[in-house]
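**Student:** here is my input; please provide its structure:
(one chain, ligands or ions: 2)
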Amino acid sequence: HHDKPIINGWLAIPSGYSAEIVGHQGYDAVTVDLQHGMIGFSDALTMLQALSSTPAIPLARVPHNDPAQIMRLLDAGAYGIICPMISNAEQARRFVAACRYPPLGNRSFGPARGLLYGGKDYPQHANQQILTLAMIETQEGLENLEEIIAVDGLDGIFIGPNDLSLVLTGSAAAESQHPQMLAAVERVLTQTRAAGKIAGIFCTSGRAAAERIAQGFHFVTPANDVMQLIQAGREAVAHARGE
Ligand code: 3PY
Ligand code: MG
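**Tutor:** Residues are numbered from 1 along each chain as shown. Ligands and ions are numbered 1, 2, ... in the order given. Presented below is the predicted three-dimensional model:
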């Protein structure tokens with residue numbers, strides 16, 4: 001299932017309208033970011049509704065590994081969860097269990113928008129279809145990489161390069177060329193691919209995302225809405241001034 005790379009949009013602005021716009025730009029999936037985005041649950045609900053009017057698969061990043069919040073976002077129609085700061089297998093198991101109905105996990109039953117967006121057969125397919133990506137972005141997570149990747153039902157890894165470079169090199173830089181960062185990213189990529197799971201990473205631009213795909217990543221995020229707004233706005237002003 002990972003031959004064709006997944007281009008994943010990223011939403012930090014709490015708006016159904018901008019979610020709808022982004023969802024129509026050709027992304028395979030779009031993530032509503034409740035960790036660093038300015039987004040609460042009611043915003044996320046509206047944004048997931050907006051995304052379901054577009055071809056993009058709606059995903060959510062939770063602020064932390066909290067089963068209650070994961071359950072609510074899945075009920076609100078997220079078709080996958082990206083969970084930050086996974087540092088060991090136990091945390092990864094807890095995360096995956098929150099995304100799966102019994103007997104595979106402990107997600108409580110009340111699919112709500114899952115039924116509206118996914119259809120009446122949502123309960124029969126949710127366990128297979130809900131994507132679970134654990135973020136590797138801590139020193140401990142890197143050290144426990146193999147046991148995290150091996151967790152049953154975990155679909156893949158999503159590298160948080162800002163946090164990872166912060167702990168490895170002392171400064172947050174998503175495209176860091178620091179040797180320790182290059183080695184860490186390569187190790188996560190190699191181990192994840194070897195396990196037959198999805199290797200994902202956050203990037204700061206479309207060009208950077210293309211390089212990550214060439215490197216072997218299956219799932220890339222070519223910057224978020226805020227970064228794109230800043231870039232496009234700066235460029236427009238500079239062009240208008242003839243710079
Ligand atoms: C990171 O780079 O640390 C992230 O979490 C990407 O959003
Ligand atoms: Mg992070």
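**Student:** what about the nearest residue in space to residue 174 that is not next to it in sequence, neighbour count?
**Tutor:** In this structure, residue 174 finds its nearest non-sequential neighbour in residue 161, 4.3 Å apart by Cβ to Cβ, 6 or more residues apart in numbering. (C-beta placed from N, C-alpha, C; glycine too.) For residue 161, the neighbour count with other Cβ atoms under 10 Å is 24.
**Student:** burial of the residue nearest to residue 96 when sequence neighbours are not counted, as a residue count?
**Tutor:** Nearest non-adjacent residue to residue 96, counting by Cβ to Cβ, 6+ apart: residue 153, 4.3 Å away. Other residues within reach of residue 153 by the criterion other Cβ under 10 Å amount to 17.
**Student:** do the same with residue 235
**Tutor:** Number of residues near residue 235 (other Cβ under 10 Å) recorded here: 11.
**Student:** got phi/psi on the closest residue to residue 198 other than its chain neighbours?
**Tutor:** In this structure, residue 198 finds its nearest non-sequential neighbour in residue 156, 2.8 Å apart by Cβ to Cβ, 6+ apart. Main-chain torsions, residue 156, degrees, to the nearest 10: phi 180, psi -170.
**Student:** closest to the centroid, which residue in the protein?
**Tutor:** Closest residue to the average C-alpha location of the chain: residue 82 at 4.3 Å, with Cα atoms, centre = their mean.
**Student:** am I right that that residue is in a strand?
**Tutor:** Yes - counting by DSSP: H, G, I helix; E, B strand; the rest coil, residue 82 is located in a strand.
**Student:** so who does the residue lying closest to it once chain neighbours are set aside touch?
**Tutor:** Ranked by Cβ to Cβ, 6+ apart and with sequence neighbours excluded, the top spatial neighbour of residue 82 is residue 61, at 4.1 Å. Contacts for residue 61 (Cβ atoms under 8 Å, 6 or more residues apart in numbering) come out as 31-35, 37, 81-84.
**Student:** for residue 61, name its beta-bridge partners.
**Tutor:** residue 33, residue 82 (DSSP bridges).
**Student:** many thanks, have a good one.
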